[in-house]
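Student: how does the following fold in three dimensions:
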Amino acid sequence: MPSNPQNILQVHNLTKSFLGVKALDNIQFELQKGEVHALMGENGAGKSTFMKILMGLLTPDSGEIVFEGEALKNFDVHEILKKGISMIHQEILVVPELTVAQNIFLGRETNFRNWLNDKAINQKAQELLKLIGININVQTKIKNLSIAEMQMVEIAKAISNNAKVIIMDEPTSALSDKEVSTLFKIINDLKAKGVSIIYISHKMDEIYEITDRITILRDGQYITTKPTKEIDKNALIALMVGREIENIFTEKNATIGETVLTIKNFNKKGKFKDINFEVHAGEVLGIAGLMGAGRTEIARAIFGLDKYDSGEIILNGKKIKINSPKNAIKNGIGYVSEDRKALGFIPALSVKENISLSSLFNLSKAWFVSSSNETEASSRLAKDLKIKATSINQKVMNLSGGNQQKVVLAKVLLTSPSIIILDEPTRGIDIGAKFEIYKLINQLTDKGLAVIMISSELPEILGMSDKILVLSKGKQTALLSKNDATQEKIMQYAVE
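Tutor: Numbering: from 1, shown residues only. Prediction:
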């Protein structure tokens, strides 16, 4: 890759191996001053390893990184931050018990006679948030914020470092459309000031809206770099996955059967009001709406994670009362949370242990878990869902995002549900893994399973759903058939 005087960052022949397996193989990359450069590739392509090296979290085996004309020698996080490279992580890294201001300036607190000067920290944080158009009380504890608000605090923290390069890893994964617009305004302001952005996202529309160039990695190798406007979506997907995917939403063959779940007059004060819908065997009900519309709150209430105030849950013709997840599972309701890393699996446990986690009683003999039953059940589901792991004993933390999601699905399916609720089932996973998840959902409906799918991605809602429930500010504003639904119509009802 030729040298360019406009480059703030250049990477030459970067290589990194783990246990003899090359995670990165002679990677090339360049970042110009004041550009937004997308880094694209499937999960497992090497993006995370590459970014960890840039941030000083890992040391490369070989290769060279040149920042502002000087080769980096010391791969240390603090030194990298001092030089002006900062990162907003996909997994939000905050200290829950500290305030917004304390989190923004963590490790860089203002001292006064050896005491922390909270007043100065608060003032600086308030000025920073005002500058980027974010309205959050800086004295609020982080634990009391929404995921989207935490993400905006992380963005403010990166900007507060006076960074010359900011790496953004799936920065919009928990943001509403309005918050995404705010983020893009911030990015454009940063560009105008000469700040460079490395932007990692699986959302194609974002890539084409905000980035100047795209670099593609596949299987740890550099594939190509192209100006964004010179590569269309189909060509980009083909370069990422090494094959063409003409229609990511495969044709459904499921026959819509009897009513499995009916929700009547469902209410929870301050969260949702008068919700009514039903889901049939073999059917996908999509739930759409903006952030804060009540989508996840309804799902959590149905699954017994949160209490609801009034209404009826009727499952297979029988009125039931759900007061806990254990009770929901016993009644045949499965749930995959939007935050798989917090609520979906235990990272340090193996694939086998995670899959069997919700079904230990059924896998037990005389009150002891049967190792043979656990191995057989986990192996069968890992094979059925095509989970890519060295073995079922591999720790889930070492799998790609797509395979972690499959482990969560396998855990739920082992409980033999008649209906499964999928909250943002493809968040943070690559286009190839999305394709696998969509195929899996269709296979489940082919077998007669009823599915509720919550998603912020309208193409996903339109491509997978048989009917679509639209929410706005906790109220049900529309229930659309697949044939009647369009992106424009859904958005119209979502902002009512």
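Student: can we go C-alpha only for contacts and neighbour counts from here?
Tutor: Noted.
Student: so K319 sits in a helix?
Tutor: No: applying DSSP: H, G, I helix; E, B strand; the rest coil, one finds K319 to be strand, outside a helix.
Student: backbone dihedrals for I167, please?
Tutor: Torsion angles at I167 (phi, psi; degrees, to the nearest 10) stand at phi -90, psi 120.
Student: distance of it from G133?
Tutor: Counting by CA to CA, to the nearest Å, the gap from I167 to G133 is 20 Å.
Student: the two: which has the busier surroundings?
Tutor: More crowded of I167 and G133, by other CA atoms under 10 Å: I167, with 25 against 13.
Student: A helix includes E374, no?
Tutor: Yes: using three-state DSSP, the secondary structure at E374 is a helix.
Student: look at it and report its pLDDT.
Tutor: Note for E374: predicted pLDDT of 81.
Student: burial of it, as a residue count?
Tutor: E374 has 21 neighbouring residues, counting by other CA under 10 Å.
Student: now A71
Tutor: 13.
Student: chain center to stretch 483-490: distance?
Tutor: Centroid displacement of stretch 483-490 relative to its chain, using CA atoms, centre = their mean, to the nearest Å, is 25 Å.
Student: return the set of buried residues in it.
Tutor: Buried residues in stretch 483-490, counting neighbours by 16 or more other CA atoms under 10 Å, are found at 485-486, 490.
Student: want to try a markdown table for those residues, with distance to N362, secondary structure and pLDDT as columns?
Tutor: Converted to a markdown table, the buried residues of stretch 483-490 look like this (distance: CA to CA, whole Å; DSSP: H, G, I helix; E, B strand; the rest coil; pLDDT from 0 to 100):
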| residue | distance to N362 | secondary structure | pLDDT |
| --- | --- | --- | --- |
| A485 | 42 | coil | 91 |
| T486 | 44 | coil | 88 |
| I490 | 42 | helix | 89 |
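Student: closest to K475 out of those residues?
Tutor: I490 (13.9 Å; CA to CA).
Student: separation between that closest one and K482?
Tutor: Applying CA to CA to I490 and K482 gives a distance of 11 Å.
Student: same deal with S370?
Tutor: According to CA to CA, S370 and K482 sit 45 Å apart.
Student: over to T445?
Tutor: 16 Å.
Student: cool, G41 as well?
Tutor: Distance, G41 to K482, by CA to CA: 31 Å.
Student: for those two, indicate the residue with more neighbours.
Tutor: Between G41 and K482, counted using other CA under 10 Å, the more crowded position is G41 (29 against 17).
Student: so where is the chain shaky, pLDDT-wise?
Tutor: 1-5, 43, 90-91, 109-116, 174, 243-247, 342, 363, 365-367 (pLDDT under 70).
Student: would you map out the domains in it?
Tutor: 7-241, 259-494 (automatic domain parsing).
Student: including distance to N253, could these go into JSON lines?
Tutor: Listed next are those as JSON lines, based on distance: least, CA to CA, whole Å:
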{"stretch": "domain 7-241", "distance to N253": "25"}
{"stretch": "domain 259-494", "distance to N253": "6"}
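Student: any chance you could map the strands in the stretch 51-200 of the chain?
Tutor: 62-67, 70-71, 85-88, 111-112, 115-116, 165-169, 196-200 (DSSP state E, counting those that start in this stretch).
Student: same check on the stretch 251-400 of the chain?
Tutor: 259-268, 272-280, 284-288, 310-315, 318-320, 333-336, 364-365, 368-369.
Student: out of the ones you listed, which one sits most buried?
Tutor: Per-stretch averages of neighbours, counted by mean count of other CA atoms under 10 Å, single out strand 284-288 among the strands of the stretch 251-400 of the chain, with a mean of 27.
Student: that one pairs with which strands?
Tutor: Strand 284-288 has its sheet partners listed here by DSSP bridges as strand 450-454 (parallel), strand 467-472 (parallel).
Student: and it, how far out from the chain's middle?
Tutor: Taking CA atoms, centre = their mean, one finds the center of strand 284-288 at 18 Å from the center of the full chain.
Student: now what about it, what contacts it?
Tutor: By CA atoms under 8 Å, 6 or more residues apart in numbering, the residues outside strand 284-288 that reach it are 279, 295, 445, 450-456, 458, 461, 464-471, 490, 494.
Student: how does it look with 6 Å?
Tutor: 451-454, 461, 465-470 (CA atoms under 6 Å, 6 or more residues apart in numbering).
Student: tell me how far N161 lies from F184.
Tutor: Counting by CA to CA - N161 and F184 are separated by 19 Å.
Student: over to E64?
Tutor: Taken as CA to CA, the span from E64 to F184 is 31 Å.
Student: which residue packs closest to T445, ignoring adjacent ones?
Tutor: Nearest residue to T445 in three dimensions, chain neighbours excluded: G282, at 4.1 Å (CA to CA, 6 or more residues apart in numbering).
Student: ok, which stretches of the stretch 1-150 of the chain are helices?
Tutor: For the stretch 1-150 of the chain, applying DSSP state H, counting those that start in this stretch gives helices covering 47-54, 77-83, 100-104, 118-131, 147-160.
Student: which one, of the ones you listed, ends up nearest to D384?
Tutor: Here helix 47-54 is closest among the helices of the stretch 1-150 of the chain (CA to CA), at 27.5 Å.
Student: could I get the buried residue list for that closest one?
Tutor: Across helix 47-54, burial judged by 16+ other CA under 10 Å covers 47, 49-54.
Student: likewise for stretch 204-215?
Tutor: Buried, per 16+ other CA under 10 Å, within stretch 204-215: 206-208, 210-215.
Student: can you tell me which of these lies closest to D232?
Tutor: Y208 (9.1 Å).
Student: so where does that closest one fall, helix or strand?
Tutor: helix 204-210 (DSSP states H and E).
Student: could you point out which element follows that helix?
Tutor: strand 213-218.
Student: and the contacts of the following helix or strand past that following strand?
Tutor: Moving toward the C-terminus from strand 213-218, the next helix or strand (DSSP H and E) is strand 221-227. Under the contact criterion CA under 6 Å, 6+ apart, strand 221-227 has outside partners 25, 27, 213-217.
Student: where do the helices sit along the stretch 351-496 of the chain?
Tutor: Using DSSP H, counting those that start in this stretch, helices in the stretch 351-496 of the chain cover 351-355, 371-384, 401-413, 431-446, 458-464, 487-494.
Student: K264 is nearest to which of these?
Tutor: Per CA to CA, nearest to K264 of the helices of the stretch 351-496 of the chain: helix 487-494, 20.6 Å.
Student: quick one: that closest one to strand 467-472, angle?
Tutor: 40 degrees (axes from the mean of the first three to the mean of the last three CA atoms, to 10 degrees).
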